[in-house]
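> please work out how this folds:
(chains A, B, C and D)
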Number of protein chains: 4
Amino acid sequence: MASPSYTSALIVGAGQGLSASLTRLLRQEGLAVAVAARDTAKLAPLCAETGAHAYGCDAQAEVEVQRLFAGLDRDRNAPDVVIYNASARTRGPIAELVPAEVQHALQVSAFGAFLVAQQAAARMLPKRHGAILFTGASASVKGYAQSAPFAMGKFALRGLAQSLARELAPQGIHVAHFVIDGGIRGPGHVDDPAKPNALLDPDAIALTYLNILRQPRSAWTWEIELRPWVERF
Amino acid sequence: MASPSYTSALIVGAGQGLSASLTRLLRQEGLAVAVAARDTAKLAPLCAETGAHAYGCDAQAEVEVQRLFAGLDRDRNAPDVVIYNASARTRGPIAELVPAEVQHALQVSAFGAFLVAQQAAARMLPKRHGAILFTGASASVKGYAQSAPFAMGKFALRGLAQSLARELAPQGIHVAHFVIDGGIRGPGHVDDPAKPNALLDPDAIALTYLNILRQPRSAWTWEIELRPWVERF
Amino acid sequence: MASPSYTSALIVGAGQGLSASLTRLLRQEGLAVAVAARDTAKLAPLCAETGAHAYGCDAQAEVEVQRLFAGLDRDRNAPDVVIYNASARTRGPIAELVPAEVQHALQVSAFGAFLVAQQAAARMLPKRHGAILFTGASASVKGYAQSAPFAMGKFALRGLAQSLARELAPQGIHVAHFVIDGGIRGPGHVDDPAKPNALLDPDAIALTYLNILRQPRSAWTWEIELRPWVERF
Amino acid sequence: MASPSYTSALIVGAGQGLSASLTRLLRQEGLAVAVAARDTAKLAPLCAETGAHAYGCDAQAEVEVQRLFAGLDRDRNAPDVVIYNASARTRGPIAELVPAEVQHALQVSAFGAFLVAQQAAARMLPKRHGAILFTGASASVKGYAQSAPFAMGKFALRGLAQSLARELAPQGIHVAHFVIDGGIRGPGHVDDPAKPNALLDPDAIALTYLNILRQPRSAWTWEIELRPWVERF
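Here you go, the predicted model:
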C-alpha cells in the first residue's frame, strides 16, 4: 500500500484563507508551491513567509492560463498537484441580476477550472501521475434562492470534476472535489465562546486535502464534504 | 384543486424533435406557441403545420434575448410558459478539447438559459403566474468521461433551475427540470422489433411536460427524470 | 405512442388521505380497486362510496400478504397496479428510542413493501405488464435529526424501489417512487387565506400518480418528488 | 486546530478484511480495541496478533447488544470510537427471494447498526465526545437489479447515519458514513499485473477511516466514498 508522492503544487485563485493554509501545509510537507492569482501583490507576504512562488494569471483567460503553465514549464516546476480555488459570484433576485456579472461568475468558477485542468492534465497524462483538486461549496450541490449564478458556476465545476475523475483516474491521475459546506473563518476572526469552531478553519480543511492526496490509488475518493460540527445541513 | 391555466408558450432552442412535439401538443391544448432558434428557416414547416410563430434568436446573446422578449411583448404574446431546450456540446479527451468550443457549450447550455429565464421571470413575477421548464439530460446528474463540457453546461443548468425553483415557486411560478436520460428517436427512426421503444419518443416526453404544467400548486414537481423502459441507469 | 392500460389496482396501507384520493381517482378511471389495511372497518365508508373492496392485511407479516394476494387471485382480481402507502415511525433522541418500535417502523415501512412487491411482481412478470408504485416522504432522501427510524424505513423503501425499477422495467413493469415532500392536508383542514395550498392536496398527489401510470414505456419515470409551492426545500 | 483524541474503539461485525485492518491501525495508534462478532473463535488470531479483545455478539439482537456494552462498561472499556461493519445480504430475482432472508439482511445491515449506535451514543453524549462510523457500500447509494435486500439494508444504514450526523454532531459526536464502492481484496489475493490495485486494499480504507477520525470538529465529513482508481462509477 503506497501513498502517492507529490513534489510540486500549483494553487490557482490563491487568497488569504484556504489557499494560504494549503500553501503552508504543502510547503511543510516538502512540496514546491506556486500560487497564481490576478493580483500577485496580495500574495507577496505569503510567498515571503513560505517560499512559494507567485504567478499572475486571470484563470478564465485562455492565453493567460497557457502562459502560466508555460512559465511553470520554463521554471522546471510543472506541478503534479493542481488545486483550483477561484470562484466568482453575484447574487440577488433573478430579475435584478446583471447578465455580464452572471457570465463572469460562470467563467471564473467553471470555465477557468476547465482551462487549468486541461493544461494540468496534458502534463500529467504522459507520466500517469498527478492530482487535480477542485474546491466546491454548499452551492455545488444545492441551488439556493437568489443565488443562481453561484449555483451555476459551482454545479458546473462539479460536473467537470466528476467527468474528469471518470476519465483520468484510470490513467493514474487522482481527481477530487471538495464540498466546503459552511463559512471559512477569516484571519481576524475570534470565536464566539458559546459556540466555538462554528466556522471552518482553513487549516483543518487543508489537512483533509492533504489526506486525500495521500490516499493510495486502491482507495481513492472523488468527492468529500466538510462542515463545522454545528453547521445545519 | 385547480390546475394552472396557461395561454401562451415560448420554446427556445426549437428543433425537430422534442420542441416539435411540444409545439404540437401545446397547440392542441389551445396555447399560442412561439418557437425561437438561430435559424428560423428550419422552423417554417413546423410553423406552417401548427400555426406557431417563429422568432430568430441566438439564446446566448444578451441583446438577442432582450429583442426576442421585446418582440413577444409587441406581438402581445408574452409567454406564461417558457421552455428552454437549447444546448451545445463538444466532446473528447480533456487534453484535446478546444477551449472556445467548451466556452460556447457552456454559454448555450447554461448562460442562455439564464438570459431567457430572467426575461421570462421579469414578466411573470408581477402576475405571480407562469411556468419555466428546463430540458436536462443524463449529463445533468452524471459527468461522463470525455464529456466534461456537456456535463458542465447541464450541471450548471440544473443549478440554475434548482435555485429558481426555490426563488420563484413561492411567488407562483412553477419551475421544473427534466432529466432526459436516454436518446430521443429522430423523425426517420424505425424501431428494432426485438427491442421496441428503446429510444425516448418525443411525443411521450411532451406528454409528461404537459402533465407537469397541469400540476396544481399544492403538489408541484421541480425535477423529474424520463427514460425508456429498457435503458440502463 | 401508447399509454399502458391498467384494469385493477391494489392499494396497501389505505387510510383517509392519499389512499382515499387514489381510490376515487382510479375508480373514476374505470379500474377495479382493492384497498388493504389492518383495520378494514375504517375502510367501510370509502368502499361504500367508491365500490372498492376492502381486504384485511398486516403488510409486514409474510403469511398475511400471501393470503391477501391469494384472496385477490380467488376473486379474479389480481392487480396490475399495486401502490404501497403503509409506513410507521417513531421519533426522539437516539438514546430514548424504543428498539421494538424502531424495528416495527422498519418492518412496516420497508419489509412490508418488499413482501407486497414480491407477490405483485410474481403475478405481473408472466404477463410482462403492471405497475408498482411506492410512496416515499421527505425522509426518503434526507435523514432528519431525531427521526432515524423513519429515515431508515423510507431510505430502505427507496433502495427497494430503485433496485426493482432496474430489474423490472426491462420486463415491462413500471416501478416508480414518489417523494412526498411536505404535509398532506387532512379531511377537515381549512387553508390559511394568507398562505393557501401550503399543504399537499391528496387529490393533487393522486393526479400525478395517475399521470405516471399513463406514461408510455418509451419515457418512464422511476422517481418524482412533489411539494407545495410554498414549501422550503 | 485540535484533532480529537480517542482512546478506545469497538468494531462490530469484525471479520478478516476491513475490520482486521482497522484493528491493526487503531492499535498502532495506541487505542484499545474491542472486536465483536457472533463467532469469536474466528477473531482469535487477530486478537493474539494485536492485543484486541473479542466479544461475542449478534448485533441484530437487542439483548446481545445491551450485554456487549454492559461488558465493555464492566471492563472499563466504554469505547469513544464505534465502527459498524456488519451486514448481510441475499440476492436474486425479486420473485425468488426468501422473505426470512430478506428480513435477516435488513436486521443485520440496518437494525443492528441502530442498536449499536444507540448504546454508543448513550455513553458518548454525557461526555460530548466520541465518533460513530458506519461502513456502507455501492448499494448504499445505488439499488442494483436483483439485489433489493442489500440495497434496502444499506440505504437504511445511510438514512440512520445521516439522521445521527444531524442529531449528534452538534453534541460533539462525529458520525460518518463510508461508501465502499468496489470489491475489497481478500487475504490471499494476488493482483493482476496488467491491472494492479483494482480491488480496495483494506489497509488503504482503514487509513481514510483514521484520517476522518482525526478531523478537527471545525471541518467534519459525514460521508466519503472510496473506490479503486480503475473502478467504473
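> could you find the closest non-adjacent residue to residue A:205?
residue D:219 (5.1 Å; CB to CB, 6 or more residues apart in numbering or on different chains). Using the backbone N, CA and C atoms, a C-beta is placed for each residue, glycine as well.
> thought that neighbour was touching residue A:226?
Yes - if you go by CB atoms under 8 Å, residue D:219 and residue A:226 touch, sitting 4.4 Å apart.
> of these two, who's got more company?
Counted by other CB atoms under 10 Å in any protein chain shown, residue D:219 and residue A:226 do not tie: residue D:219 has more neighbours, with 29 against 24.
> between residue D:219 and residue A:226, which contacts overlap?
The contact sets of residue D:219 and residue A:226 overlap at A:200, A:204-205, A:208 (CB atoms under 8 Å, 6 or more residues apart in numbering or on different chains).
> tell me the contacts of the closest residue to residue A:128 other than its chain neighbours?
Take residue A:128 and drop its neighbours on the chain: the residue closest to it by CB to CB, 6+ apart is residue A:172, 3.5 Å away. Contacts for residue A:172 (CB under 8 Å, 6+ apart) come out as A:124, A:127-130, A:217, D:229.
> what do you get for residue A:227?
A:180-182, A:200, A:233, D:219-220, D:222.
> can you name every helix or strand that the longest helix seen in chain A contacts?
As assigned by DSSP state H, the longest helix anywhere in chain A is helix A:148-168. Packing contacts for helix A:148-168, counted by 3 or more CB pairs under 8 Å, 6 or more residues apart in numbering or on different chains; DSSP states H and E, involve helix A:99-106, helix A:112-124, strand A:130-137, strand A:173-180, strand A:223-226, helix B:112-124, helix B:148-168.
> can you convert the ones you listed into TSV and add a column each for distance to residue C:191 and mean pLDDT?
TSV is the format used below for the helices and strands packed on helix A:148-168 (distance: least, CB to CB, whole Å; pLDDT from 0 to 100):
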stretch	distance to residue C:191	mean pLDDT
helix A:99-106	37	98
helix A:112-124	47	98
strand A:130-137	37	98
strand A:173-180	38	98
strand A:223-226	38	98
helix B:112-124	23	98
helix B:148-168	21	98
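> near chain D, which residues of chain A are found?
A:1, A:166, A:169-170, A:172, A:174, A:185, A:197-201, A:203-205, A:207-208, A:211, A:214-230, A:232-233 (CB under 8 Å from any CB of the partner chain).
> now with 6 Å?
A:1, A:169-170, A:197, A:200-201, A:203-205, A:211, A:216-221, A:224, A:226, A:228-230 (CB under 6 Å from any CB of the partner chain).
> please list only the buried members of those.
A:169-170, A:197, A:200-201, A:203-205, A:211, A:216-221, A:224, A:226, A:228-230 (16 or more other CB atoms under 10 Å in any protein chain shown).
> in strands only, show me the residues you listed.
Within those, membership in strands is found for A:224, A:226, as judged by DSSP state E.
> low-scoring stretches of chain A, by residue?
Within chain A, not a single segment meets pLDDT under 70.
> three-state assignment of residue A:36?
Here residue A:36 is recorded as strand under DSSP: H, G, I helix; E, B strand; the rest coil.
> isn't it right up against residue A:57?
Yes - assessed by CB atoms under 6 Å, residue A:36 is found in contact with residue A:57 at 4.3 Å.
> could you name every residue contacting both of these two?
residue A:68 (CB atoms under 6 Å, 6 or more residues apart in numbering or on different chains).
> mind checking how far the residue at the greatest distance from the centre of chain A is from residue A:185?
The centre of chain A is farthest from one residue, residue A:194, which by CA atoms, centre = their mean lies 31.5 Å away. Residue A:194 sits 16 Å away from residue A:185, going by CB to CB, to the nearest Å.
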